[in-house]
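S.K.: Need coordinates for the following:
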Amino acid sequence: MDMEKLLKNAEDLLNPVGVQLSRPASYRLDAAVSVDKLIPAVKALTKGKWGYLAAITGLDKPAPIPAEGAKPGENQLEVLYQFCEGAVITTLRVTIPYSHAVIPTVCEVIPMATLYEREIIEMFGITIEGTPNTDKLLLPDDWPDKVYPLRKEFTGFGVKPLEGEGV
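M.R.: Numbering: from 1, shown residues only. Okay, the predicted model is just below:
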């Protein structure tokens, strides 16, 4: 199947879920997914036998610089679920605020996702409700609680960010 047919197939599977779709490249489909639509979107791709889950990754997205006199916005985290079919990639993008960094597990649909979920928990401090295993995966057992090395606010131990940097 050629790339265009694969992308169209992914769009057809995700459209009923009610996600916002875009094509940032000729081989990619991005779907902005709300937290409550994550499981239906994952189920749509897996039931449609569209590719495989290749990775779950996280991004720390600082709030945009506010206009002069405006109140600063809240930092956000984004969780990306990358599904691959040949050279074609469909990414489910879930954006959540720092103040409520909670998403549901996808392990009921894709059991092997537990490894990726454990990494997201450790590195970004995102709570993944219902995940079967929350044991540390990458960090040492004595790593301090509530210190997430892939958040932009983490500058190392004993190093304070310069004024205006970080959160």
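
S.K.: Look at the residue of the chain most remote from its centre and tell me its secondary structure.
M.R.: Ranked by distance from the centre of the chain (CA atoms, centre = their mean), the top residue is Gly69, with 31.7 Å. In three-state terms, and counting by DSSP: H, G, I helix; E, B strand; the rest coil, Gly69 is coil.

S.K.: Contact partners for the closest residue to Val79 other than its chain neighbours?
M.R.: Spatially, and ignoring its direct neighbours in sequence, Val79 is nearest to Val94 (4.7 Å; CB to CB, 6 or more residues apart in numbering). In this view, the C-beta of every residue, glycine as well, is placed from N, C-alpha and C. Residues in contact with Val94 (CB atoms under 8 Å, 6 or more residues apart in numbering) are Val33, Ser34, Val35, Leu38, Glu78, Val79, Leu80, Tyr81, Ile103.

S.K.: mind listing what the third one touches?
M.R.: Val35 sits next to Val94, Ile96, Val102, Ile103, Pro104 when contact means CB under 8 Å, 6+ apart.

S.K.: do the last one as well
M.R.: Applying CB under 8 Å, 6+ apart to Ile103 gives the contacts Val35, Leu38, Val79, Val94, Ile96, Ile126, Thr127, Ile128, Glu129.

S.K.: circling back to that earlier point, I'd like to know which of the contacts of Val94 are buried.
M.R.: Buried residues within the contacts of Val94, counting neighbours by 16 or more other CB atoms under 10 Å: Val33, Leu38, Val79, Tyr81, Ile103.

S.K.: Strand partners (parallel or antiparallel) of the helix or strand containing Asp60?
M.R.: Using DSSP states H and E, the element containing Asp60 is strand 52-61. Partner strands and pairing direction for strand 52-61 (DSSP bridges) are strand 76-85 (antiparallel).

S.K.: contacting residues around the partner strand?
M.R.: 6, 10, 38, 42, 45, 50-61, 63, 89-98, 101, 103, 106, 120, 124, 126, 151.

S.K.: could you pull out the helices for this protein?
M.R.: Here the chain has its helices, by DSSP state H, at 3-14, 38-47, 114-124.

S.K.: Give the bridge partners for the closest residue to Glu74 other than its chain neighbours, please.
M.R.: Spatial nearest neighbour of Glu74, excluding adjacent residues (CB to CB, 6+ apart): Pro97 at 5.0 Å. On the basis of DSSP bridges, Pro97 is bridged to Gln76.
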